[in-house]
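J.: how does the following fold in three dimensions:
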Amino acid sequence: MTTSSSEQGVSLGMPQLPAPAYPDDVRARLEADGREIIARYPDSRSALLPLLHLVQAEEGHVTRTGQQFCANLLGLTTAEVAAVATFYSMYRRRPSGDYQVGVCTNTLCAVMGGDAIFESLQEHLGVGNGETTDDGKVTLEHIECNAACDFAPVVMVNWEFFDNQTPASARRLVDDLRTGAPVEPTRGAPMCTFKETARILAGFPDERPGAVEASGGAGPASLVGLRLARGETAPARVVHPRGSGAPEDQSPTTEHLSSHDAPQDTSASDPAHPAGPVAEEGE
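T.: Numbering: from 1, shown residues only. The predicted structure follows:
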């Protein structure tokens, strides 16, 4: 028994028509911004990544119209632009929400509760991976790594960090995003919409009062290695599980270090357990 091309989801019809152009006023505005971006680079082709963020800021995802615009402005083919736009996950290929909620489900975040957070948000929002709520506010996705393992499990909203999350705190977070309640990241600048974030990633300044100053730097847990390298050792301490309560002698301002920060015995520090093979080769 054979399956028809239509049943297989394969289209054998006419080629896709060229993408429609932006309205004249939109095109003129984007061209002015695009020329400013291109002027930053010795080779115009290098401006493709920020230009894709620019068109994403216009429509919330990279459309065929946006790809055609970038191609025309840089003298590239649409195939060259599409190859880049479809390679990087930060470029969206279909309409998405005002807030991109990404839950890290890579190894450390997963075992610390990331999988439970993602499953809880799927049920709470009624959407699957990469899907958007009916009100257009939240797009949920799992992501491989937020590069914030020392604050696991981590959720990101429009690339801003929300550290040490739980299923309950993550549900409150998305509820606040949908109702417009004030939301403050654990670290980084105040929240803005995905389109606004895309324009900032295109290289244009964040003009919100105090936003740049609020960006801050790395959290204390991220700087432990730097302190150790400088010889600024601190007493090693094991972090107690969430909800277990802190010991009575623990100050609320004490930094939350990991048990991995404690000095470990090595062959150099423990002569009773030397490194290296214990038998001659061939035995």
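
J.: any idea which residue sits dead centre in the protein?
T.: Note on the chain: the residue nearest the mean C-alpha position is Trp159, at 4.5 Å, using Cα atoms, centre = their mean.

J.: show me what contacts that one?
T.: 100, 197 (Cβ atoms under 8 Å, 6 or more residues apart in numbering). The C-beta positions use only the backbone N, C-alpha and C, and glycine is treated the same way.

J.: same check on Gly34?
T.: Applying Cβ under 8 Å, 6+ apart, the residues contacting Gly34 are 47, 51, 54, 69-70, 73.

J.: work out for me the element it sits within.
T.: helix 24-38 (DSSP states H and E).

J.: and that helix, what's buried?
T.: Within helix 24-38, the residues scored as buried using 16 or more other Cβ atoms under 10 Å are 30, 33-34, 37-38.

J.: quick check, nearest of those to Asp115?
T.: For the buried residues of helix 24-38, the closest approach to Asp115 (Cβ to Cβ) belongs to Ile37, at 39.0 Å.

J.: hang on, the earlier thing: what about the residue nearest to the centre of the chain, distance to Leu17?
T.: Trp159 sits at a distance of 34 Å from Leu17 (criterion: Cβ to Cβ, to the nearest Å).

J.: return the distance of the helix holding Gly34 from the chain's centre.
T.: 27 Å (Cα atoms, centre = their mean, to the nearest Å).

J.: repeat for stretch 175-185
T.: For stretch 175-185, the distance to the chain centre is 18 Å (Cα atoms, centre = their mean).

J.: from the rest of the structure, what touches that stretch?
T.: 98-99, 101, 133, 135, 137-138, 157, 160-162, 173, 190-191.

J.: stretch 125-144 now?
T.: So stretch 125-144 is contacted by 89, 95-106, 118, 121-122, 156, 174, 177-178 (Cβ under 8 Å, 6+ apart).

J.: next one: the least confident helix or strand in the chain by mean pLDDT to chain centre, how far?
T.: Between all helices and strands in the chain, the lowest mean by mean pLDDT, DSSP states H and E belongs to helix 224-229, at a mean of 81. On the basis of Cα atoms, centre = their mean, helix 224-229 sits 26 Å off its chain's mean C-alpha point.

J.: on that earlier part again, export the contacts of stretch 175-185 to TSV and append columns for distance to Thr197 and neighbour count.
T.: Output for the contacts of stretch 175-185, formatted as TSV (distance: Cβ to Cβ, whole Å; neighbours: other Cβ atoms under 10 Å):
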residue	distance to Thr197	neighbour count
Asp98	10	23
Tyr99	10	26
Val101	13	25
Thr133	18	19
Asp135	19	10
Lys137	15	18
Val138	14	23
Val157	9	21
Glu160	8	20
Phe161	13	18
Phe162	15	25
Leu173	17	22
Pro190	11	16
Met191	9	19
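
J.: lowest pLDDT pick from those residues?
T.: Taken together, the contacts of stretch 175-185 show their lowest pLDDT at Pro190, with 82.

J.: distance of that one from Tyr99?
T.: For Pro190, the distance to Tyr99 - Cβ to Cβ - is 13 Å.

J.: got it, and Lys137?
T.: 6 Å.

J.: with Gly128 instead?
T.: 17 Å.

J.: next: Glu58.
T.: Counting by Cβ to Cβ, the gap from Glu58 to Tyr99 is 18 Å.

J.: where are the low-confidence patches of the stretch 1-150 of the chain?
T.: 1-15 (pLDDT under 70).

J.: all helices of it, in order?
T.: With helices called from DSSP state H, counting those that start in this stretch, the stretch 1-150 of the chain shows them at 24-38, 48-59, 64-74, 78-85, 107-109, 115-125.

J.: stretch 111-125: how far from the chain's middle?
T.: Centroid displacement of stretch 111-125 relative to its chain, using Cα atoms, centre = their mean, is 17 Å.
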